[in-house]
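K.L.:
Fold the stuff below for me.
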Amino acid sequence: MNDSRLATIRGLLAKAEATDFPAEAEAFTAKAAELMSRYAIDEAAVWATDRSSGSPTDRMITLHRPYLAQKAVLVAEVAAVFGCRAIRMMVGASSPTELVSVVGYGSDLDLVEAMVTSLLVQAATAMVVDQPSGLTSSAAASFRRSHLMGFIETATSRLKEQHRSSIAEREAQQRAGAGPSGGASQSMALVLADRGAEVTSEFRRRFPHVRHSRVSVGSSSGGRRSGQLAGSRADLGSAGLRSRGVIGG
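P.N.:
Below you'll find the predicted structure:
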């Protein structure tokens, strides 16, 4: 992504990381998340006026053990927010890593990769901080699995709500004739739906035989609640814009 807005986003995130005041950090990072959604919507608007300007492609994101299945859920949920589709490239039980292929437009893939990187780093940190002491290895594994799924559920729900809010704002601007392209521009909801259909078509072309599987949410209700609370505090911008492409934890 090459856009001056990215410099603004990085500046907001740097301020959030530097401050010692949680409320100030939350304000900075909430604004960063809002700008990310607006960026995605603006890119879709450009595509709507010239659909030859880009086409769906794919990007591989590397996940590290443990909890590969749960981490893949996070990738899929974040991908969906930004109009992308994700699929696990299953590996043998002995492999320490797994690849997830994400299909979408390049600018959206940048956002997905950045956000996933950020949220998994935050989830790993919160998991360690929140885990009660004295758990057996089995109970600790269950707590962490449940915590991760609770975190994913809440953090991605917040991200989806932010994106819906940005779309509604753009639609209101268009109705009022105050949007970037004036009142006669095509509905942003329809643009995003068309863009999503193109991504789905490319996804099905690449992966015509998709098999669905269930993912364990863990059996620790305390871990789930703790993860949901951590997800409600998650920084939806974070330093993930300095995307590393390899995700551990």
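K.L.:
which stretch of helix or strand covers residue 44?
P.N.:
helix 22-49 (DSSP states H and E).
K.L.:
Mind giving me the packing neighbours of that helix?
P.N.:
In terms of contacts (3 or more CB pairs under 8 Å, 6 or more residues apart in numbering; DSSP states H and E), helix 22-49 is packed against helix 4-18, helix 106-130, helix 137-175, helix 188-206. For every residue, glycine as well, the C-beta is placed using N, CA and C.
K.L.:
Distance to residue 30 and mean pLDDT for those helices - can I get that in TSV?
P.N.:
Conversion of the helices and strands packed on helix 22-49 to TSV gives the following (distance: least, CB to CB, whole Å; pLDDT from 0 to 100):
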stretch	distance to residue 30	mean pLDDT
helix 4-18	9	68
helix 106-130	14	83
helix 137-175	8	88
helix 188-206	21	94
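K.L.:
out of those helices, nearest to residue 46?
P.N.:
helix 106-130 (9.1 Å; CB to CB).
K.L.:
could you check the angle helix 188-206 makes with that closest one?
P.N.:
Per axes from the mean of the first three to the mean of the last three CA atoms, to 10 degrees, the angle that helix 106-130 makes with helix 188-206 is 90 degrees.
K.L.:
picking that back up, for residue 55, find the nearest of the helices and strands packed on helix 22-49.
P.N.:
Of the helices and strands packed on helix 22-49, nearest to residue 55 by CB to CB is helix 188-206, at 7.4 Å.
K.L.:
State the helix or strand in which the most centrally placed residue in the chain lies.
P.N.:
Nearest to the geometric centre of the chain sits residue 78, at 2.9 Å (CA atoms, centre = their mean). Counting by DSSP H and E, the element that carries residue 78 is helix 68-81.
K.L.:
buried sites along that helix?
P.N.:
Judged by neighbour count using 16 or more other CB atoms under 10 Å, the buried positions of helix 68-81 are 68-81.
K.L.:
Can you spell out which helices and strands pack onto it?
P.N.:
Partner elements for helix 68-81 (3+ CB pairs under 8 Å, 6+ apart): strand 57-64, strand 85-89, strand 97-104, helix 106-130, helix 137-175.
K.L.:
rerun that using 10 Å as the cut-off
P.N.:
Identification of packing neighbours for helix 68-81 by 3 or more CB pairs under 10 Å, 6 or more residues apart in numbering; DSSP states H and E yields helix 22-49, strand 57-64, strand 85-89, strand 97-104, helix 106-130, helix 137-175, strand 246-247.
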